[in-house]
Structure formats: structure tokens, C-alpha cells
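Participant: Here you go, sequence then predicted model.
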Amino acid sequence: GAVVSQHPSWVICKSGTSVKIECRSLDFQATTMFWYRQFPKQSLMLMATSNEGSKATYEQGVEKDKFLINHASLTLSTLTVTSAHPEDSSFYICSATAGNNWGSPLHFGNGTRLTVT
Amino acid sequence: GENVEQHPSTLSVQEGDSAVIKCTYSDSASNYFPWYKQELGKRPQLIIDIRSNVGEKKDQRIAVTLNKTAKHFSLHITETQPEDSAVYFCAASMNDMRFGAGTRLTVKP
């Protein structure tokens, strides 16, 4: 089955530093990758949609300068949380799809638990 | 944009009973409706999905129904087992995927 690898699985950083999270599709080409954020006991909130080779589309309320997304290839997307603050602490999950107009399942990474101290 | 509502938020059933979770969506253009199961601290796992040209789909103890006219779809789990306990998310998609708020299902032995 389709595998999405996300790293790191957890990270603790100091306030003001930046953290990069990688999301790779291991056995398929991901035309589209999605980044979600999940607070405890809550649903997955879509942060942004990235298509290979183009700028990410951010959801309303998500700061694009704070959450930098790069989808450099069909198998790799990165999310960089810049100048992290404690309120950025959350569970970040990437997902990928081969994508077509008929709708495709999302394949999720294992998630990254970010703690900003 | 798409808005997905999911009910109930929590559901507790006795082992062996059935569980039903319902979702509604707002965008009639949505054409793909997956259901995910998420265990604590783990990634969501796809358990079943349905496309808009199908009204019902079944996979062993799990079934999903879709009513396009009413814009709602439901997950049915029969003969529930304790290992079915988890949070279940519905989603609706055309080009991106929006999730419902989730249902925490507890199956009591």
C-alpha cells in the first residue's frame, strides 16, 4: 500500500527557533500534499495544500510566512515552522495523494508532535 | 468551501451492538467520502470510502451509505468489538479534503 513517511516524529524546540518537518511519499508520486494540524481531542484542520512545483495554497487564518511549505518534488514536501512559539505546539500531520478529479484517498504520515518551550 | 458536520461527538455501545455515525456536507460538488479511524497518538487510517456514483458500500462489518440529494453519509459498524474503540472521522473531498469533528467510539466489553 501507499506509504507516507514523516520526520521527525517528535521535536522539542525553544521559542524563537525554526523547525522543519519532512513528508515523503515512498512508493508513489504525490501530485498533491496536504498539511494538517491537530489539537488534542480535536479534528484535523487543513493548514495548506501544496502541489509540486507551485506555491502552496493556505487556508484562511494560517500565516504563510510562519508556516513555510515547499513541495520541491513529487515525493517530498516540507513544512517549516518559523520563529516558533508555545502556541505553535501541536500535532502536525502531512498527507499525500496521487490526486485526480474523481477524488483519491489520503495517505497520512505518522505525524510530528511539536513542543515549543 | 466545504463544511462537514459529524454526529455524535461521542458514542458508547456494548460489545456486539451496532454503531452509526452520521455526517453532512455542504458542497454538492464533493464526490469522494472517506472514513478514517484514529487511535490515540497515531495517524488516521482509511477504513472505507465511497464515491458519489455509489449509494452504499460494505466491507465485512463496516458499511457506508451516501445520500447525495440530502448531502449526508453514514458509517455503520455491526457486531462491534473493543478494538473498534477509536476516534472516527468522516471527510468530504473534491480537490481537497475536509474532515468532520470526529466521533469518539467506545465499545464496552
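Facilitator: Arrived safely, thanks for sending. Bear in mind that the values here come from a model prediction, so they are computed numbers and not experimental data.
Participant: And the pLDDT at the closest residue to B:Met97 other than its chain neighbours?
Facilitator: Leaving aside its chain neighbours, B:Met97 sits nearest to B:Ala91 (5.0 Å; criterion: C-beta to C-beta, 6 or more residues apart in numbering or on different chains). C-beta: built from backbone N, CA, C; applies to glycine. Predicted confidence (pLDDT) for B:Ala91: 93.
Participant: Okay, strands next: where are they in chain B?
Facilitator: With DSSP state E as the criterion, chain B has strands at B:4-7, B:10-14, B:19-25, B:32-38, B:45-51, B:56-59, B:62-67, B:72-77, B:86-93, B:97-99, B:103-108.
Participant: Any idea which of those gets closest to A:Phe67?
Facilitator: Distance to A:Phe67, taken as C-beta to C-beta, is lowest for strand B:97-99 among the strands of chain B, at 18.3 Å.
Participant: Adjacent strands (with direction) for that closest one?
Facilitator: Strand pairing for strand B:97-99, determined by DSSP bridges: strand B:86-93 (antiparallel).
Participant: Export the partner strand to PDB, keeping only CA atoms.
Facilitator: Output in PDB follows, covering the C-alpha atoms of strand B:86-93 (Å, rounded to 0.1, in the frame of the first residue of the first chain):
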ATOM      1  CA  ALA B  86     -11.200   4.900  18.500                       C
ATOM      2  CA  VAL B  87     -12.000   8.200  17.000                       C
ATOM      3  CA  TYR B  88     -13.600   8.100  13.600                       C
ATOM      4  CA  PHE B  89     -13.500  11.000  11.200                       C
ATOM      5  CA  CYS B  90     -15.600  11.400   8.100                       C
ATOM      6  CA  ALA B  91     -14.400  13.600   5.300                       C
ATOM      7  CA  ALA B  92     -15.700  15.000   2.000                       C
ATOM      8  CA  SER B  93     -13.500  15.800  -0.900                       C
END
